[in-house]
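Engineer: Sequence plus the predicted model coming up.
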Number of protein chains: 2
Amino acid sequence: MVPTITAFEQSPDRGQGLARDMPVRWALEEVGQPYNVRLVSFSAMKETTHRALHPFGQIPTYEEGDLALFESGAIVLHIAERHAGLLPQDANARARAITWMFAAIATVEPPIVQREAAMYLERDKTWYEERLPLIEDRIRSRLDDLSMRLGDADWLDDVFSAGDLLMVQVLRRLGGSNILEQYPTLAAYVARGEARPAFKRAFDAQLAVFTGQATG
Amino acid sequence: MVPTITAFEQSPDRGQGLARDMPVRWALEEVGQPYNVRLVSFSAMKETTHRALHPFGQIPTYEEGDLALFESGAIVLHIAERHAGLLPQDANARARAITWMFAAIATVEPPIVQREAAMYLERDKTWYEERLPLIEDRIRSRLDDLSMRLGDADWLDDVFSAGDLLMVQVLRRLGGSNILEQYPTLAAYVARGEARPAFKRAFDAQLAVFTGQATG
């Protein structure tokens, strides 16, 4: 059965692949699972029909027969559990990979999203210029720890996993900030993720929505 | 094998059970799994020995034989996968419960933690009084959606699950804010969680560390 995901009808990031459908597309491409995409407008996202799928009126959602899921992290884990390629076979290694999924979402992402929120929502506030460096210090604190753990390894725990997928996607949000560039090993880690054929296919697919080249 | 978790040697919240060991203790109590606790000082958390277990120098960690995990959400999921009681048997219901775990951490918690961060880190800033209501508006936006989805149900998806455990724990962080009180059905939902015998045992155990009544 081919699952259907939802994505923005209009790209808020002009096709940079930072919307939450991107990690889901990437995961589906990694495991070789074809998928359908239903595009949703900003207004339709807030209506009852979509909220039945996503209580918070956002994208992505994931529908597969009787199953309807939301939350990109949960959808990536669902895909990873049902197909080979995103979680190790060994039980302990699998649990560690899932730990990195949660670390990406719960520990590394929050200050990065706060920085974006400040730029979108507080740019006209008197405190914007003074507060932004405080947020960036919190980001650097996380990146200090993350780069120390990664060391000179290719991936966070031996082989590429759903944990790396989510972590790379979180770090990609720092593009243009000049923060990631201060961590050469993390920048190289992100580049390794972006070089994966599955990433490229997913990126091209979400970009095609914005450039009008979508064929689905 | 009895797992060992880590918790703060000194309670930063004076035993309110808001530290990240609380959801792990609660999950272990729900499934009836005994556990050991190793207390860690704030300075020891940042040292190499602890960072080998937790790259971000925090608590909790979870050790069980050769396995070492961090991130409370990942640890709760690990416990839920290995014991009955926190995830439904039905595959679709199980996936939905995991979706609520991610929703608690990725969607509902961030503005709630931002409010705490503002209160801890920005209380002396000129912008504190003006910015706090903006954060609280973001919290209310999430609670509007969550209360609409919960409706008059006891739990988010039929039976109590690890998704409810994490969501209740996230909402407990609003204690004293007078925000949760504006959502009577959510306040009742939190009260239902706190009334569970497993919650009470976990709460008492973390409180005993602070009051010096710990027997472990």
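Structural biologist: Looks like it came in fine. Numbers count the residues shown, from 1 in each chain, chains lettered A, B, ... in the order given.
Engineer: centre of the chain versus the helix of greatest length in chain A, how much separation?
Structural biologist: Secondary structure of chain A per DSSP state H: the longest helix is helix A:128-150. Here helix A:128-150 is found 19 Å from its chain centre; the criterion is C-alpha atoms, centre = their mean, to the nearest Å.
Engineer: on contacts alone, who are the packing partners of it?
Structural biologist: Where contact means 3 or more C-beta pairs under 8 Å, 6 or more residues apart in numbering or on different chains; DSSP states H and E, helix A:128-150 is packed against helix A:109-121, helix A:184-194, helix B:48-53. The C-beta positions use only the backbone N, C-alpha and C, and glycine is treated the same way.
Engineer: Ok, which of these comes nearest A:I75?
Structural biologist: helix A:109-121 (15.8 Å; C-beta to C-beta).
Engineer: Tell me which residues of the closest one come out buried.
Structural biologist: Residues of helix A:109-121 classed as buried: A:E109, A:P110, A:P111, A:I112, A:Q114, A:R115, A:A117, A:A118 (neighbour count, 16 or more other C-beta atoms under 10 Å in any protein chain shown).
Engineer: do the same with stretch A:120-136
Structural biologist: A:E122, A:W127, A:R131, A:L132, A:L134, A:I135, A:E136.
Engineer: just curious, which of these is nearest to chain B?
Structural biologist: A:W127 (3.6 Å; C-beta to the nearest C-beta).
Engineer: Which residue comes closest to that closest one once chain neighbours are left out?
Structural biologist: Spatially, and ignoring its direct neighbours in sequence, A:W127 is nearest to B:W127 (3.6 Å; C-beta to C-beta, 6 or more residues apart in numbering or on different chains).
Engineer: what's the burial count for A:M22?
Structural biologist: 23 (other C-beta atoms under 10 Å in any protein chain shown).
Engineer: Please settle this for me: is it part of a helix?
Structural biologist: Yes - counting by DSSP: H, G, I helix; E, B strand; the rest coil, A:M22 is part of a helix.
Engineer: can you pull the contacts of it?
Structural biologist: Going by C-beta atoms under 8 Å, 6 or more residues apart in numbering or on different chains, A:M22 touches A:Q169, A:A202, A:F203, A:Q206.
Engineer: redo that, cut-off 6 Å
Structural biologist: With contacts defined as C-beta atoms under 6 Å, 6 or more residues apart in numbering or on different chains, A:M22 is in contact with A:Q206.
Engineer: same thing with A:I139?
Structural biologist: Counting by C-beta under 6 Å, 6+ apart, A:I139 has contacts A:P111, A:I112, A:I179.
Engineer: separation between the most far-flung residue of chain A relative to its centre and B:P133?
Structural biologist: Distance from the centre of chain A peaks at A:T126, with 31.2 Å (C-alpha atoms, centre = their mean). Separation of A:T126 from B:P133 (C-beta to C-beta, to the nearest Å) stands at 15 Å.
Engineer: Show me what counts as buried in the one helix or strand A:F199 maps to.
Structural biologist: Here A:F199 sits within helix A:197-211, counting by DSSP states H and E. For helix A:197-211, burial by neighbour count (16+ other C-beta under 10 Å) applies to A:A198, A:F199, A:A202, A:F203, A:A205, A:Q206, A:L207, A:V209, A:F210.
Engineer: returning to that earlier point: please write out the alpha-carbon positions of the longest helix of chain A in CSV.
Structural biologist: Coordinates of each C-alpha in helix A:128-150 appear next as CSV, following Å, rounded to 0.1, in the frame of the first residue of the first chain:
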residue,chain,number,x,y,z
TYR,A,128,15.7,41.6,19.0
GLU,A,129,19.3,42.7,18.5
GLU,A,130,20.3,42.1,22.1
ARG,A,131,18.4,38.8,22.5
LEU,A,132,19.6,37.0,19.3
PRO,A,133,23.2,36.5,20.6
LEU,A,134,21.8,34.9,23.7
ILE,A,135,19.9,32.3,21.7
GLU,A,136,22.9,31.7,19.5
ASP,A,137,25.0,31.0,22.6
ARG,A,138,22.4,28.3,23.6
ILE,A,139,22.8,26.8,20.1
ARG,A,140,26.6,26.8,20.3
SER,A,141,26.4,25.1,23.7
ARG,A,142,24.5,22.2,22.0
LEU,A,143,26.8,22.1,19.0
ASP,A,144,29.9,22.1,21.3
ASP,A,145,28.6,18.9,22.9
LEU,A,146,27.4,17.3,19.7
SER,A,147,30.7,17.9,17.8
MET,A,148,32.6,16.5,20.8
ARG,A,149,30.5,13.3,20.6
LEU,A,150,30.6,13.0,16.8
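Engineer: Report the inter-axis angle for that helix versus helix A:184-194.
Structural biologist: Counting by axes from the mean of the first three to the mean of the last three C-alpha atoms, to 10 degrees, helix A:128-150 lies at 80 degrees to helix A:184-194.
Engineer: just checking, A:L67 touches B:R94?
Structural biologist: No - between A:L67 and B:R94 there is no contact under C-beta atoms under 6 Å: 10.2 Å.
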